[in-house]
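Student: when you get a sec, could you give me coordinates for this:
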Amino acid sequence: MKGLYFHIPFCRSKCPYCDFYSVKYDEASAEKYVDALIAEMDKYQGSFDTVYFGGGTPSVMNSRLIGKIISEAKSHFDIADDCEITVECNPSKNLERDFDNYAKFGVNRISLGMQSARNEERFALGRVADKIMVKKAISDAKKAGITNISLDVMLGVPKQTIETLDETFDFIEEADVTHISAYMLKIEKGTRFFDMKDKLHLPDDDTVSDMYIKTVDELKKLKFNQYEISNFSKPGFESRHNLKYWLLDEYLGIGASAHSFIDGKRFYYDKNMKIIDDGIGGTDEEKIMLGLRLNRGIDKSLVKKDYKNFADMGYINESENKIALTQKGMLVSNYIISSLI
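Tutor: Residues are numbered from 1 along each chain as shown. Purely as a prediction, here's the structure:
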């Protein structure tokens, strides 16, 4: 079955590091946008076993609108009974009532934008919610019956050190969640952080590498399995939706800036909801590029270039039929992957 993605572009305010497409939220615009999403569904058909609401900040909308989209999706498409339905949420809003409604609509997974359990690091990233609000959001989700909870963690942020990471790991252990996405901060063009990059006092590259290695090691101690370069889960709680991207399974994205891969072809919506052809997908190059992000690796027959040097240096593990990046290799994955495709 395919994955179904809805892009919700609304935010209360733009985080200084974010380069995803988003616009300032207002209720009338959200109502109009949801109607446009529903109208787009008429163009497609199919069976889906994951639904993902990304953004932007989907939880900024009235929860009724999330329910409306899910209801219409079930009318338009064949949605599996055991469908994984995820909503990205920002804990700066009191989500107690939203989570109750989400659960009634069939939402069974939450991705919560924590970034750090340390308040000064969160605030430096432009996040409004403090540690207590993050803790409340997790508790409220569980009370609503949504126990599959992912937390976002960001590495290499302003005011962060190797030592301050411990507060985040302690929080994760206490929170008893099922999934962690841990990304290194990238300063992207078009963001406020890019404009002020010389004043941010970020950790240096070696320190960020040490942070990544520590994150992998500490999460392993907490029984999280690293299944992708930046993603870790308790057994059986991998993101079924995101795995479709890396495994080149089919997925349909609806909404401004949403991307799709169907029948070997890629296309996406621009900011004006116009569909743009994006060429052919599923090539061997893509299989290498995406597959090497996963700890399961790829079939070595895909690789036509010599990778023995990377294996000798400890960047690649080789088995009878597969190759996979080591922890050290994941730190320089972009270089290795570009060398092999």
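Student: could you use CA atoms for every contact and neighbour count after this?
Tutor: Fine.
Student: tell me how far residue 105 lies from residue 68.
Tutor: For residue 105, the distance to residue 68 (CA to CA, to the nearest Å) stands at 9 Å.
Student: neighbour-wise, which of the two wins?
Tutor: Taking other CA atoms under 10 Å, residue 105 and residue 68 do not tie; residue 105 has more neighbours (18 against 15).
Student: got a list of what the spatially closest residue to the more buried one that is not a sequence neighbour touches?
Tutor: The spatially closest residue to residue 105, leaving aside those adjacent along the chain, is residue 67, at 5.4 Å (CA to CA, 6 or more residues apart in numbering). Taking CA atoms under 8 Å, 6 or more residues apart in numbering, we find residue 67 in contact with 101, 102, 105.
Student: my guess is the last one meets residue 70, correct?
Tutor: Meaning residue 105. Yes: look at residue 105 against residue 70 with CA atoms under 8 Å: they come within range, at 7.0 Å.
Student: circling back to that earlier point, which ones among the contacts of residue 67 map onto helices?
Tutor: With helices defined by DSSP state H, the entries of the contacts of residue 67 inside them are 101, 102, 105.
Student: quick one, what contacts the nearest residue to the first one once chain neighbours are set aside?
Tutor: It refers to residue 101. Residue nearest to residue 101 in three dimensions, not counting chain neighbours: residue 63, with 6.6 Å by CA to CA, 6+ apart. Taking CA under 8 Å, 6+ apart, we find residue 63 in contact with 98, 101, 102.
Student: what is the neighbour count of the second one?
Tutor: So the one you mean is residue 101. 17.
Student: how close does it get to residue 150?
Tutor: 19 Å.
Student: and the ones in helices among the contacts of residue 67, which is closest to residue 296?
Tutor: Residue 296 has its nearest neighbour among the ones in helices among the contacts of residue 67 in residue 102, at 33.0 Å by CA to CA.
Student: just give me the closest of the contacts of residue 63 to residue 41.
Tutor: Set against residue 41, the nearest of these by CA to CA is residue 102 (20.8 Å).
Student: on the three-state scheme, residue 279 is what?
Tutor: strand (DSSP: H, G, I helix; E, B strand; the rest coil).
Student: residue contacts, it?
Tutor: Taking CA under 8 Å, 6+ apart, we find residue 279 in contact with 265, 266, 267.
Student: adding pLDDT and distance to residue 170, write those out as a markdown table.
Tutor: Below are the contacts of residue 279 laid out as a markdown table (pLDDT from 0 to 100; distance: CA to CA, whole Å):
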| residue | pLDDT | distance to residue 170 |
| --- | --- | --- |
| 265 | 97 | 44 |
| 266 | 98 | 41 |
| 267 | 98 | 42 |
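Student: check the offset of the helix or strand harbouring the residue nearest to residue 105 from the chain's centre.
Tutor: Per DSSP states H and E, residue 67 falls inside helix 63-76. Mean C-alpha position of helix 63-76 versus that of the full chain (CA atoms, centre = their mean, to the nearest Å) differs by 22 Å.
Student: what are the ranges of the helices in the stretch 151-300 of the chain?
Tutor: Assigned by DSSP state H, counting those that start in this stretch, the helices in the stretch 151-300 of the chain fall at 165-175, 192-195, 205-221, 240-247, 284-291.
Student: would you mark the buried spots in the longest one?
Tutor: Yep, that's helix 205-221 we're talking about. Neighbour counts over helix 205-221 (16 or more other CA atoms under 10 Å) mark 207, 208, 209, 211, 212, 215, 216, 218, 219 as buried.
Student: how close does the first one sit to residue 162?
Tutor: It stands for residue 207. For residue 207, the distance to residue 162 - CA to CA - is 7 Å.
Student: equivalent analysis for residue 191, please.
Tutor: Going from residue 191 to residue 162 by CA to CA gives 26 Å.
Student: that older thread, out of the contacts of residue 279, who's nearest residue 42?
Tutor: Using CA to CA, these come closest to residue 42 at residue 267, 16.8 Å.
Student: count the neighbours of the closest one for me.
Tutor: Quick note: residue 267 (other CA under 10 Å) scores 19 neighbours.
Student: that one contacts residue 261, correct?
Tutor: Yes: if you go by CA under 8 Å, residue 267 and residue 261 touch, sitting 6.8 Å apart.
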